[in-house]
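Asker: how would this look folded up:
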Amino acid sequence: MRFGLLLCIIVALYIPTWPRRHKIAPPMPDQFVIGRQTFFDFGPPFDYYDLYIVRPRLTGSSIQRISLTPPGAFCRSMSKVEVKSAYLPYPPAALLGPINPCSIPEKELRREIKRCKHCLVFSGANVSMQIRCGDQTRTVRSNILDRDMFDPHENTPRETSWTLELLARLDQPLGPTAVDKSALLSQLAYPGASSAKGADSTVMADLKSGKFDGLFAGAPDKPSQLYAQAEAAPPPAPSITLVSSSLPTEVYVAPNYPVIAQAAHVEGRITFTIEVDSKGIPGKATLVSGSKLLFPSVDAAVSHWRFAAPAFNQQIKVTLNYALNCPTSSR
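Answerer: Purely as a prediction, here's the structure:
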């Protein structure tokens with residue numbers, strides 16, 4: 001009788017702890033979504049956003065990367081959207097490598113995020129992975145510091161190293177990101193460039209509706225807003241007009257607006273003189289007043305100008321007006 005009672009007590013104490021001691025590991029996710037906000041202390045832009053959609057296919061995996069870049073140095077530059085897609089002949093679980101994100105303890109993630117709470121961090125990335133773990137959706141977040149990106153070492157936390165390796169595996173078949181292509185220089189050369197060619201219409205609809213905004217919590221921009229800005233009509237291009245010439249031109253070609261002046265938001269009038277020869281061909285221009293940043297493009301344009309007989313062997317005084325035509329809110 002006593003033995004039976006003792007056995008019942010042991011069973012009663014043991015059974016509630018059995019599931020915890022023998023917890024079954026969740027299966028590897030068969031699909032996932034990653035949001036990466038990369039930030040720098042130089043710009044603009046200072047932030048870059050990449051969204052990765054990884055899905056299983058019959059004999060492999062599909063990867064789609066949507067890169068969103070905020071407006072750059074130009075007052076009229078727009079947000080950019082670039083979509084890249086790739087197919088890999090192995091399942092999403094193989095991309096994840098040796099770590100199952102469903103099995104990473106929250107305590108461990110929090111410890112990694114807080115590891116440099118009082119450090120000076122000038123660059124880095126905030127990464128969020130959304131996965132399905134059993135009957136629940138989980139978001140695994142990690143903070144990548146500048147030293148993790150540029151000077152990895154053996155003390156880099158395990159999950160941080162794994163995140164960096166996973167992102168590298170995803171980027172490898174897709175090619176360079178906006179950050180890799182020196183997006184600041186790209187903004188200077190191509191302020192309106194944007195392409196969503198080949199994008200999955202369902203994914204883009206979700207992006208537009210704000211479905212993925214939660215992956216970028218705390219970021220200065222929302223992907224849905226950047227996408228809407230990229231779809232908006234571009235602002236008017238800068239213009240250069242001939243205000244006055246002491247003698248009229250017979251052939252006039254407007255100068256190009258210097259890129260550096262656009263980046264510095266410089267506009268206004270410049271006045272210069274040119275010597276016209278006996279055939280009406282102008283020589284080198286000499287700046288009289290106005291910004292030196294606006295002047296470098298003048299000589300190239302003036303070489304194509306021509307003047308009629310009254311201007312032969314004369315010095316001509318010319319005034320041009322450079323206008324950025326910026327939206328009022330961006331000045």
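Asker: got the residue ranges for the helices in the protein?
Answerer: 2-14, 18-21, 92-96, 106-113, 146-150, 158-171, 183-189, 201-209, 223-231, 259-263, 298-302 (DSSP state H).
Asker: just checking, Phe122 touches Phe40?
Answerer: Yes. Phe122 lies in contact with Phe40 (CB atoms under 8 Å); the separation is 7.4 Å. Every residue, glycine included, has its C-beta placed from N, CA and C.
Asker: mind checking how far Ile240 is from Gln31?
Answerer: Distance, Ile240 to Gln31, using CB to CB, to the nearest Å: 52 Å.
Asker: what does Gly210 give?
Answerer: 21 Å.
Asker: Would you map out the domains in the protein?
Answerer: Domain ranges of the chain: 32-231, 239-330, per automatic domain parsing.
Asker: CSV please, covering these and showing distance to Pro26.
Answerer: Output for these, formatted as CSV (distance: least, CB to CB, whole Å):
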stretch, distance to Pro26
domain 32-231, 4
domain 239-330, 48
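Asker: Quick one: distance of stretch 259-268 to the chain centre.
Answerer: Its chain's C-alpha centre and that of stretch 259-268 lie 23 Å apart, by CA atoms, centre = their mean, to the nearest Å.
Asker: and that stretch, how far apart are its ends?
Answerer: For stretch 259-268, the first-to-last residue distance is 15 Å (CA to CA, to the nearest Å).
Asker: can you check stretch 257-274 too?
Answerer: Stretch 257-274 stretches 19 Å from its first residue to its last (CA to CA).
Asker: Output the lowest mean pLDDT helix or strand found in this structure.
Answerer: helix 183-189 (a mean of 45; mean pLDDT, DSSP states H and E).
Asker: Next, the contact list for Ser224, please.
Answerer: 207-210, 212-213 (CB atoms under 8 Å, 6 or more residues apart in numbering).
Asker: Can you flag the buried ones in these?
Answerer: Neighbour-count burial (16 or more other CB atoms under 10 Å) applied to the contacts of Ser224 gives 207, 212-213.
Asker: ok, these vs Ile281, which is closest?
Answerer: Within the buried ones among the contacts of Ser224, proximity to Ile281 (CB to CB) peaks at Leu207, which comes in at 55.9 Å.
Asker: Look up phi and psi at the closest residue in space to Glu165 that isn't next to it in sequence.
Answerer: Excluding the flanking residues, the one nearest Glu165 by CB to CB, 6 or more residues apart in numbering is Gly97, at 6.7 Å. Note on Gly97: backbone dihedrals following degrees, to the nearest 10 are phi 80, psi -140.
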